[in-house]
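Visitor: Here is my input; please provide its structure:
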Amino acid sequence: MEFTNKDKKLIKKAPDSLKAGVKDLLGRKEPYMKARQLSPEEFYRIINNAIRGEKVVLEPLAPENVEKKIVPIGKILQMEEKEQPFLIEKMIPENAITGLTSETGKGKSLIALKFVMHIAKGKKLFDTFEVKKRKVLFIDLEMNENDIINRSKTVVGEDIGIDFIYQQDFLIDDENEFEWLVKKVKENNYGLVVFDTFTQIHTKEENSATEMKMVNKKLLELIARTETTILYLHHHYKTRGHEKSGARGSTDIRAKLASHLSIESRPGLTIEDLPRVQVIMTQEKARLMHRFDKIAFDYFNNPKTDKTEWIYRGDVDLKAKAIDKAKEFVMEHLEKGEATIKDFLAEVEAKNLSLGKETIRNACKKLEDSEKLVSHKGKGKGHNTNFYSLPAGQLL
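Guide: Here you go, the predicted structure:
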């Protein structure tokens, strides 16, 4: 929608709290004036009054063209729930929106391509999750051509039903580009459209709930008109200290997600001289299906085959694993001598380890219960502080 100079002045004049609403209203002025039978003068008077902070009372629209289906609860009670179809079992529901989120550089694009490969082939993911075969359009607005070539060869490696758009702009809130996409999805029968990343496909303000509703509306319209499925990738805020970050922007970005998968990854063990990346994937939201909690898998590049290989680790009890890791850390630290929780946390910070205060405290308690360490209270100023050490026999 092209704004007139008059419109642009009004948007600039509007206070920050009203800018998004004024912009939206000006973008729909023709249908708005027609529905309310307003002249241009009356329409702009309403906008100016709102900007000045005056209360604006709008006459209700005539209901002649409104059609809503009202369903009595008695009828609903007689209905049976329909089984939710999926592209990947428990992860990507069909004809809905799934979000795959993480901090930058944590492997979202690589993992998305792994999912896409299985969907294009109709092959079980990790020999565990059922998959439906569908043709895929991958709209990648971040990687360059060399990245696409490398990933296609190392992750996919065969000519299957995946098409790419890359090194080109695409905006879902541009009406011409949106209509072009609708046409192509129908023509090529794409059962999945991937957007990498969400931020790149629109011109709206991501912290504005009003503007994010407009983007979600276009995504849902694409599904309604083409019967496709959408997977988009989105960034988290940067982690601060030991706090877990979440997907950035307004919560309305996630409001229409049927499934929200978040990723945490870190360098893992080196096995046979091959460094692995350990991934924990959490299902933050599962509106239309039974959810899993957390699953773990590793990936690494095998130089012998020049392929990315994957190892599925299954469901994860993260709390137990974190405590086991903390127990190892505490025992190694105590070999250097007596220490407090504060000492442990200082080393955690120095080594950039993902261990929190409560996890270390729980690890110390379990080690003390199993008589693998001992503790005593400090004296004087530190009389309330626990000092931990190895039992006397282990210090020899």
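
Visitor: Need the distance between the two termini of stretch 308-328.
Guide: Distance between the two ends of stretch 308-328: 30 Å, counting by C-alpha to C-alpha, to the nearest Å.

Visitor: Check which residues of that stretch are buried.
Guide: By neighbour count on 16 or more other C-beta atoms under 10 Å, the buried set for stretch 308-328 is 308, 316, 322-323, 326-327. For every residue, glycine as well, the C-beta is placed using N, CA and C.

Visitor: ok, now stretch 284-301?
Guide: 286, 288-289, 292, 295-300.

Visitor: In JSON lines, list the buried residues of stretch 308-328 along with pLDDT, distance to E83 and secondary structure.
Guide: Shown next, in JSON lines, are those (pLDDT from 0 to 100; distance: C-beta to C-beta, whole Å; DSSP: H, G, I helix; E, B strand; the rest coil):
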{"residue": "T308", "pLDDT": "93", "distance to E83": "33", "secondary structure": "strand"}
{"residue": "V316", "pLDDT": "74", "distance to E83": "27", "secondary structure": "coil"}
{"residue": "A322", "pLDDT": "77", "distance to E83": "36", "secondary structure": "helix"}
{"residue": "I323", "pLDDT": "83", "distance to E83": "38", "secondary structure": "helix"}
{"residue": "A326", "pLDDT": "88", "distance to E83": "42", "secondary structure": "helix"}
{"residue": "K327", "pLDDT": "89", "distance to E83": "44", "secondary structure": "helix"}
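
Visitor: so which of these comes closest to A258?
Guide: Nearest to A258 among those: V316, at 22.7 Å, using C-beta to C-beta.

Visitor: Double-check that closest one against M281; I have them as touching.
Guide: No: using C-beta atoms under 8 Å, V316 makes no contact with M281, being 9.1 Å away.

Visitor: got any residues that touch both of these two?
Guide: With contacts defined as C-beta atoms under 8 Å, 6 or more residues apart in numbering, the residues shared by V316 and M281 are 294-296.

Visitor: Mark which of these are part of helices, please.
Guide: The members of the shared contacts of V316 and M281 all map outside helices under DSSP state H.

Visitor: ok, so of the buried residues of stretch 308-328, who is nearest T385?
Guide: A326 (18.7 Å).

Visitor: Leaving out sequence neighbours, find the closest residue to that closest one.
Guide: A363 (3.6 Å; C-beta to C-beta, 6 or more residues apart in numbering).

Visitor: One more: T197?
Guide: Per C-beta to C-beta, 6+ apart, closest to T197 is L233, 4.7 Å.

Visitor: Kindly report the same for A96.
Guide: Per C-beta to C-beta, 6+ apart, closest to A96 is A258, 3.6 Å.

Visitor: for the one you found, phi and psi?
Guide: phi -80, psi -30 (degrees, to the nearest 10).

Visitor: same thing with N362?
Guide: Torsion angles, degrees, to the nearest 10, at N362: phi -60, psi -40.

Visitor: OK, contacts around the closest residue to it other than its chain neighbours?
Guide: Using C-beta to C-beta, 6+ apart and skipping the chain neighbours, the partner closest in space to N362 is I323 (5.5 Å). I323 sits next to 359, 362-363, 366 when contact means C-beta under 8 Å, 6+ apart.
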